[in-house]
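Engineer: next comes the sequence, and after it the predicted model I'd like to discuss.
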Amino acid sequence: MTELMLKYFRDKQQKAQTESIYDTQCPYCSMQCKMQLIEQRVITRKKHKTIGKDNPTSQGRLCVKGMNAHQHALHHDRLKQPLRKVNGVFEPTSWEQAYQIIAEQFTKIQQEDGKDALSVYGSASITNEEAYLLGKFARVALETKHIDYNGRLCMASAATAANMSFGVDRGFTNSLQEVPHTRCIILAGTNIAECQPTIMPYFEKAKENGAFIIAIDPRETSTTKLADLHIKNKPGTDVYIANAVMKILIDLDLLDHAFIQERTEDFDDVREYVSTLQLDTLAENAGVSLDDLYQMALVFGRESSGMIFTARGIEQQINGTDTVRAFLNLLLATGKIGKPHSGYGAITGQGNGQGAREHGQKADQLPGYRLIENEQDRRYIANVWGVSPEHLPRKGVSAYEMFERIIDGEITSMFVMCSNPVVSNPNANLIKKALKQLKFLVVTDLFLSETAKLADLVLPATSYLEDEGTLTNVEGRVLLREASYPIQGEAKHDWQILCELASILGKKQYFDFENAEAIFEELRIASKGGKADYSGITYQRLRQEKGILWPCPDTRHNGTERLFEESFAHPNGKAKMAAIPCQSNLSKPAPTEQYPLFLTTGRVMSHYLTGEQTRKSPSLAARDFEAFAEIHPDTAAKYNIQPNSLVRITSEQGWIVVRSRYSSTIRKDTVFVPFHWTENQNVNRLVADQLDPYCKMPGFKMNVVRLSPIDG
Ligand SMILES: Nc1nc2c(c(=O)[nH]1)N[C@H]1C(S)=C(S)[C@@H](COP(=O)(O)OP(=O)(O)OC[C@H]3O[C@@H](n4cnc5c(=O)[nH]c(N)nc54)[C@H](O)[C@@H]3O)O[C@H]1N2
Ligand SMILES: Nc1nc2c(c(=O)[nH]1)N[C@H]1C(S)=C(S)[C@@H](COP(=O)(O)OP(=O)(O)OC[C@H]3O[C@@H](n4cnc5c(=O)[nH]c(N)nc54)[C@H](O)[C@@H]3O)O[C@H]1N2
Ligand code: SF4
Ligand SMILES: [Mo]
């Protein structure tokens, strides 16, 4: 060995000796990429980097957000002590005192205003164990019916549609391994390239293998660039497209009659309804060409296999449930589900967007996808929890509706865990007003978020680096996030906060858990026999098998890769089709002289949701440091908006000021603003408060606005 080589190995060994490696998963999207934080001690300083780790879903890949996630988790702004507001100013307090204040306030408020005056607002960025425990905390420790969570703003319409059509909702009916082999892919309102970047190789591989890809989006994005056909529709008109394609499939007889006959019901209703529709009117309403719709129908109908993926573009609409169902009708009519390389995917959003919607955080739900209004389900869960079924509250209202109840005076206190509703809910001005009106607001967060700033008490929580637990990824694969980084300051795990608080509230016997695994053991029993059955999953299996797809009803069961091979989850085993009206009962916003343009909202690659985390990361903030409005140059000229200038956007709900960004590829009648910024840049100040009647999803993706330049 030469001297130089010896030196190289010596240096490498020395470096390794000063390194600590921590396994974890990315805190952001539903890909839940496995990763490692490498901490290197250099004299007295610590240097960090995050690298990907192999696993069946993300296969070792990371995107720019994952690579930089440690920058927010290790940021000096992390909350390290409970904070209490005294005369409008936060001051540090002890956990004992914080718990004491909460117990006093909650008791007083329930005595004065009734049990349901307390409300709980949860999240799909917490673990399954925490989501499960939060539902139990609301019902057993607080005995309130009011609990809902941020997933209501996210996947509620896709979940409701899948339940209605298939009888169960698991975001993806197949595993990602099948995507490269499908022949035709429809991407309806999803921007996977920016929102689930590490999923892309599955789709790129499909394309290499000859799949035809159709994207439906009012904008050109990195995702639509992958497509062979980009249908650039008007926001909120996807139901016209799905119904038009159905009509063409029927007219040209590109149907799977045997599948329709044996595996579905109510196709005749669909046939009858679409026969009343005119193709050219549908195309005109959607603002697209009839040729494109024919091409979509011909390719999808003729190919031997196909998959449809939807995301928030078509789901976050006041007819989101209907719109998704119209797309599911296409899969069912062509028999492209329940068989190899064919299926449906509602691309899951948050890290635990799937698991957190299964175990009881929803207003109408109990663990394992059980229903709080179903007597048998109530008895089962009451028995697991050791309470009497009569003591379980009934169903409450959805996320946004809770804020309306605050304004009405029915709810007077809220406990928020891991969410920033002031920035993420529609009609943001009302949300702020509602939270200010509360008698008592508690927030658990990593940072002093916009919402936490309004709280009376803020509790510091641990992050993805420190908090172990399970999360269920985009495929429906349950993963164990091992997280062992030293806890910062006095922060506590969210589950730990719930257990300790329940204990102060006199409910210790129901919340006596030593660690996340002990909670999971109870969740296994609570989910047993439910639609989302986790009872066969254990931490030990998750460590060995690197994730298991639910349902997994016993410990010898391998998990379920593909759903609906033999039957759907409705009692008669059939999928339910339905005639989906183009016009919903609610009147959608339509451009007027005063508000002539469509506004649609969404995301950029480098930021995550309300931006509370990614804006703390210098590498990510540098990519996009302020909100912007994507505007077509012709539209900008019409309203006298210069490029890169400040523009005021006004809707009936309010106004914001953001920077203009010209885009010659967006529709001329549409502007796009991402929602990762706060205050005067918070686009949710513009979003109206109408909700989808089935699932209470707000219409984030279609509003009407006007633009005006800011002088000077
Ligand atoms: N970088 C990044 N990644 C994320 C997130 C993030 O904040 N940042 N958030 C995560 C979460 S929680 C979620 S829910 C997912 C969201 O993932 P996506 O739903 O893919 O993201 P969005 O940008 O909200 O919307 C997707 C696309 O819908 C289009 N669109 C808007 N209106 C319409 C319409 O009326 N019809 C159609 N067909 N398309 C429309 C938009 O132009 C946009 O390109 O991403 C997850 N991943
Ligand atoms: N206009 C518009 N609005 C939208 C959308 C849209 O497309 N357009 N999309 C909607 C969608 S899909 C979603 S999912 C929602 C998301 O909306 P929110 O849930 O409000 O968004 P986040 O930014 O994830 O908020 C999470 C908060 O919890 C904190 N946090 C992070 N990790 C932890 C933890 O482990 N424990 C605790 N206690 N706190 C933690 C973060 O610092 C942050 O303040 O927004 C919705 N709002
Ligand atoms: S943001 Fe999503 S794709 Fe990117 S590293 Fe994190 S989990 Fe993976
Ligand atoms: Mo989401």
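Structural biologist: It's in. Ligands and ions are numbered 1, 2, ... in the order given.
Engineer: contacts and neighbour counts: CA atoms only from here.
Structural biologist: Noted.
Engineer: correct me, but Tyr132 touches Arg357?
Structural biologist: No: counting by Cα atoms under 8 Å, Tyr132 sits too far from Arg357 to count as a contact (9.5 Å).
Engineer: these two: who's more crowded?
Structural biologist: Arg357 (30 against 27; other Cα atoms under 10 Å).
Engineer: could you give the backbone dihedrals for that one?
Structural biologist: When read as degrees, to the nearest 10, the backbone of Arg357 gives phi -100, psi 10.
Engineer: do Leu298 as well
Structural biologist: phi -60, psi -50.
Engineer: that one contacts Leu249, correct?
Structural biologist: Yes: with contact defined as Cα under 8 Å, Leu298 counts as touching Leu249 (7.5 Å).
Engineer: neighbour count winner among these two?
Structural biologist: Set Leu298 next to Leu249 and count neighbours by other Cα under 10 Å: Leu249 wins out with 22 against 16.
Engineer: does the residue nearest to Asn644 when sequence neighbours are not counted count as helix, strand or coil?
Structural biologist: Among residues not flanking Asn644 along the chain, Ser660 sits closest, at 4.9 Å (Cα to Cα, 6 or more residues apart in numbering). The three-state label given to Ser660 by DSSP: H, G, I helix; E, B strand; the rest coil is strand.
Engineer: which residues touch Ser660?
Structural biologist: Counting by Cα atoms under 8 Å, 6 or more residues apart in numbering, Ser660 touches Phe628, Ala629, Glu630, Ile631, Ile641, Gln642, Pro643, Asn644, Ser645, Leu646, Val647.
Engineer: show me where the stretch 351-500 of the chain has helices.
Structural biologist: Assigned by DSSP state H, counting those that start in this stretch, the stretch 351-500 of the chain shows helices spanning 375-385, 399-408, 421-424, 428-437, 494-504.
Engineer: check contacts around Tyr22.
Structural biologist: Gln36, Leu37, Ile38, Leu465, Ala483, Ser484, Tyr485.
Engineer: the fifth one against Thr470, yeah?
Structural biologist: By that I understand Ala483. No: counting by Cα under 8 Å, Ala483 does not reach Thr470; the two are 10.6 Å apart.
Engineer: between those two, who's got more neighbours?
Structural biologist: Remark: of Ala483 and Thr470, Thr470 carries more neighbours, 24 against 18, as counted by other Cα under 10 Å.
Engineer: so the more buried one touches Gly476, yeah?
Structural biologist: No: the pair Thr470 / Gly476 is not scored as a contact, 11.9 Å apart, by Cα under 8 Å.
Engineer: redo the contacts of Tyr22 as a markdown table? Include distance to ligand 3.
Structural biologist: Shown next, in a markdown table, are the contacts of Tyr22 (distance: Cα to the nearest ligand atom, whole Å):
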| residue | distance to ligand 3 |
| --- | --- |
| Gln36 | 11 |
| Leu37 | 13 |
| Ile38 | 15 |
| Leu465 | 13 |
| Ala483 | 15 |
| Ser484 | 18 |
| Tyr485 | 18 |
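Engineer: most neighbours out of those, which is it?
Structural biologist: Leu465 (25 neighbours).
Engineer: from ligand 4, how far out is that one?
Structural biologist: 21 Å (Cα to the ion, to the nearest Å).
Engineer: contacting residues for the residue of the stretch 1-150 of the chain found nearest ligand 3?
Structural biologist: Nearest residue of the stretch 1-150 of the chain to ligand 3, counting by Cα to the nearest ligand atom: Gly66, 3.5 Å away. Gly66 is in contact with Cys26, Pro27, Tyr28, Cys33, Thr50, counting by Cα under 8 Å, 6+ apart.
Engineer: for my notes, confirm it occurs in a strand.
Structural biologist: No: per three-state DSSP, Gly66 lies outside any strand segment and is helix.
Engineer: what about the residue nearest to Asn644, distance to Gly306?
Structural biologist: 39 Å (Cα to Cα, to the nearest Å).
Engineer: is any residue of stretch 483-490 near ligand 2?
Structural biologist: No: using Cα under 6 Å from any ligand atom, stretch 483-490 never reaches ligand 2; the gap is at least 11.6 Å.
Engineer: ok, now stretch 610-622?
Structural biologist: Yes: under the criterion of Cα under 6 Å from any ligand atom, ligand 2 is reached by stretch 610-622 at Thr610, Gly611, Glu612, Gln613.
Engineer: and the two most separated of these?
Structural biologist: Thr610 and Gln613 (8.0 Å; Cα to Cα).
Engineer: look up phi and psi at Arg61.
Structural biologist: Dihedral angles (degrees, to the nearest 10) for Arg61: phi -80, psi 160.
Engineer: kindly report the same for Asp238.
Structural biologist: phi -60, psi -30.
Engineer: I'd say it and Thr321 touch.
Structural biologist: No: using Cα under 8 Å, Asp238 makes no contact with Thr321, being 11.6 Å away.
Engineer: can you pull the residues of the protein lying near ligand 4?
Structural biologist: Cys154, Gly349 (Cα under 5 Å from the ion).
Engineer: what does the stretch 1-150 of the chain have sitting close to ligand 2?
Structural biologist: So the stretch 1-150 of the chain meets ligand 2 at Ser123, Ile126, Asn150 (Cα under 6 Å from any ligand atom).
Engineer: wait, doesn't the first one sit right on Arg152?
Structural biologist: No: because the distance of 9.3 Å does not satisfy Cα under 8 Å, Ser123 is recorded as not touching Arg152.
Engineer: any regions of the chain where pLDDT drops low?
Structural biologist: Along the chain, the model assigns pLDDT under 70 to residues 1, 13, 16, 585-586, 712.
Engineer: so which residue is dead centre in it?
Structural biologist: Gly349 (3.5 Å; Cα atoms, centre = their mean).
Engineer: and Val442, how far from ligand 2?
Structural biologist: 11 Å (Cα to the nearest ligand atom, to the nearest Å).
Engineer: write down the beta-bridge partners of that residue, one by one.
Structural biologist: Val442 has these beta-bridge partners by DSSP bridges: Phe415, Leu457.
Engineer: that one: what's it in contact with?
Structural biologist: So Val442 contacts Met414, Phe415, Val416, Ala452, Ala455, Asp456, Leu457, Val458, Leu459 (Cα under 8 Å, 6+ apart).
Engineer: what is the neighbour count of the fifth one?
Structural biologist: The reference is to Ala455. Ala455 - counted by other Cα under 10 Å - has 28 other residues nearby.
Engineer: so who does the closest residue in space to it that isn't next to it in sequence touch?
Structural biologist: The shortest distance from Ala455 to any non-neighbouring residue, by Cα to Cα, 6+ apart, is to Leu441 (4.8 Å). Residues in contact with Leu441 (Cα under 8 Å, 6+ apart) are Ser413, Met414, Phe415, Val416, Leu435, Leu454, Ala455, Asp456, Leu457.
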